[in-house]
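> what would the 3D arrangement of this be:
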Amino acid sequence: MVIKTAPTQPFTDQKPGTSGLRKKVTVFQKPHYLENFVQSIFDSLQGYQGQTLVLGGDGRYYNRQAIQTILKMASANGFGRVMVGQGGILSTPATSAIIRKYGTFGGIILSASHNPGGPEGDFGIKYNIDNGGPAPEKVTEAIYARTKEIDSYKILEAPDVNIDTLGETELGEMTVQVIDSVADYTELMQSLFDFDRIRSLITNGQFRMCVDSLHAVTGSYAHKIFEQHLGAPQGTVQNGKPLEDFGGGHPDPNLVYAHDLVEILFGDNAPDFGAASDGDGDRNMILGRNFFVTPSDSLAILAANAKLVPGYSSGLAGIARSMPTSQAPDKVAKHLGIDCYETPTGWKFFGNLLDAGRATLCGEESFGTGSNHIREKDGLWAVLFWLNILAVRQQSVEEIVKEHWRIYGRNYYSRHDYEEVDSDRANTLITNLRSSVPNLKGKKFGAYEVEYGDDFSYTDPIDGSVSQKQGVRIGFTDGSRIVFRLSGTGTQGATLRVYLESYESNLAKQNLDPQEALAELIAIADEIAQIRTLTGMDKPTVIT
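Numbering: from 1, shown residues only. So this is what the prediction gives:
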């Protein structure tokens, strides 16, 4: 086996987004493209010689080929061991758990999360640091800087490694350890939740549930946890076989793309509980019978009921939410007498708060919820948390949510996504907003008066780092908000996200459809941002 130093030239488009580098599969298949980025990761790190790296992905197309390349490059660059998920499969939360359990140097996750897969679909790669969380901006900026000047990469000339059989193989001077993809994660879940109590609920003959893995990575985990450990009937997990193209579907657990699950939970003879996860397993959607739980409400309800769950029975240190997430968790934090932190979008911003013991539960409105057990959001963890609460309270999902609204009030909330907008048009829209909203204070739009307008800036309370231009906010005197952001998770054009929120404490007005309750704010958002004019779109692509 020979270490080859291959000459290369920089690519100009390898700047990581909020969760790594995501591009079309065809882009990653270009000669040297993947290798350049991987070498740039290694070149930006220090002290990894002889250390252990975790490697896996969500099973999408190009996952297996990329793993073979990365293994050979890791060997050539001096890593001592790589722990790789069997068949190349590791969910994002499982990867974080393994990094933390075994104290590895870091990990590489191959996923484009909720984006479609297949030969014409998307692929992604991101680096996680030794706390198990996504690389912070100082690391991703160093990686990007290296991609702009790289002139060679190292790779071992060797046959491919068998990644389907558990055990160890030598690859040059490095050991490749193929590990059970599910075992360590399952063990962690058993330490946090009351599996006996959940099992009693699931097997009592009266409770029915449905879990949709969308042919993505959580299929293996869901079958093991729900059907084997917790006794759910076979067939409880649907679309449970991970496929390279996710069965032709869009692995995003929302009301549009998880339509099979939605039809079941809103159909005749619906089960009591439904849940879906995304491509790499870090997101979740929670449904009751004929009832949808917004991710913002979910975070608030988990926080309010945390003491019912063994792993959180001693209480919470704090709650953290992304800025666009509704302010429902803030009200729970105030009631509990704990802090609630508002951060930019991107799970990496929660890492410092979790490491410092400032926060216990974290959440983003984009169907991501998690805690200090790992440093990623965690889809199946959220499902188990809900099941544990249901098992203790012996109420329906709808009853629990509506009781929460009676106590804390309801934050009507919705996100409107305009996907694949021409990048120039999207940037013009945001640029116009940045210049205009600071001057809106005091202006009235129908029944709403503007209290403030700004472009959200975040100063990390732990390390003092500053993140600017994190989303344009318009706040109204009654507490309502409109937020505009361009998403960093797509691979084509730009995605404009518009977040709308209003608070309702009157019990008689808490049962409206969110689009009805937010109708005036929706019209104001279009008036201020000129959405239809600048995007050329009459309506959002997705409403959640």
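> how near is Tyr503 to His215?
Going from Tyr503 to His215 by C-beta to C-beta, to the nearest Å gives 38 Å. C-betas here are computed from N, CA, C, even on glycine.
> more neighbours: these two, which one.
Ranked by neighbour count (other C-beta atoms under 10 Å), Tyr503 and His215 place His215 first, with 23 against 18.
> show me which helix or strand of this structure is least confident by mean pLDDT.
Ranking every helix and strand in the chain by mean pLDDT, DSSP states H and E puts strand 542-543 at the bottom, with a mean of 87.
> against which helices or strands is that strand packed?
Judged by 3 or more C-beta pairs under 8 Å, 6 or more residues apart in numbering; DSSP states H and E, the packing partners of strand 542-543 are strand 410-421.
> which strands and helices lie in contact with the strand it packs on?
helix 295-304, strand 494-504, helix 514-517, helix 531-535, strand 542-543.
> kindly recompute the last result at 6 Å.
If you count contacts as 3 or more C-beta pairs under 6 Å, 6 or more residues apart in numbering; DSSP states H and E, strand 410-421 packs onto strand 494-504, helix 514-517.
> between strand 410-421 and the first one, find me the angle.
Orientation check (axes from the mean of the first three to the mean of the last three C-alpha atoms, to 10 degrees): strand 494-504 against strand 410-421 gives 170 degrees.
> just name the most buried of the helices and strands packed on strand 410-421.
A comparison of the helices and strands packed on strand 410-421 by mean neighbour count, using mean count of other C-beta atoms under 10 Å, puts strand 494-504 on top with a mean of 22.
> quick one: average pLDDT of that strand?
Throughout strand 494-504, pLDDT has a mean value of 95.
> who touches it?
With contact meaning C-beta atoms under 6 Å, 6 or more residues apart in numbering, strand 494-504 is reached by 324, 326, 409-419, 421, 423, 426, 479-487, 510, 518, 521, 525.
> same question, stretch 320-331
For stretch 320-331, the external contacting residues (C-beta under 6 Å, 6+ apart) are 296-297, 299-300, 303, 319, 340-343, 345, 350, 353, 359, 362-365, 408, 411, 413, 456, 471, 483, 499, 501.
> what do you get for stretch 174-189?
Residues contacting stretch 174-189 (C-beta under 6 Å, 6+ apart): 71, 75, 79, 81-86, 89-90, 94, 97-98, 101, 161, 163, 166-169, 220-221, 224-225, 384.
> are any of the residues you listed buried, and if so which?
Buried by 16 or more other C-beta atoms under 10 Å: 71, 75, 79, 81-86, 89-90, 94, 97-98, 161, 163, 220-221, 224-225, 384, out of those.
> coming back round to it: mind checking which of the contacts of stretch 174-189 land in helices?
Taking DSSP state H as the definition of helices, those contribute Leu71, Ser75, Ala94, Ala97, Ile98, Lys101, Ser220, Tyr221, Leu384.
> might you calculate how far stretch 32-46 sits from the centre of the chain?
24 Å (C-alpha atoms, centre = their mean, to the nearest Å).
> and Met285, bridged to which residues?
Note on Met285: beta-bridge partners Ala276, judged by DSSP bridges.
> residues in contact with it?
Contact analysis of Met285 by C-beta under 6 Å, 6+ apart lists Pro253, Ala258, Ala276, Phe367.
> pick out the most distant pair among those residues.
Using C-beta to C-beta, the contacts of Met285 reach their maximum pairwise distance at Ala258 and Phe367, which is 9.8 Å.
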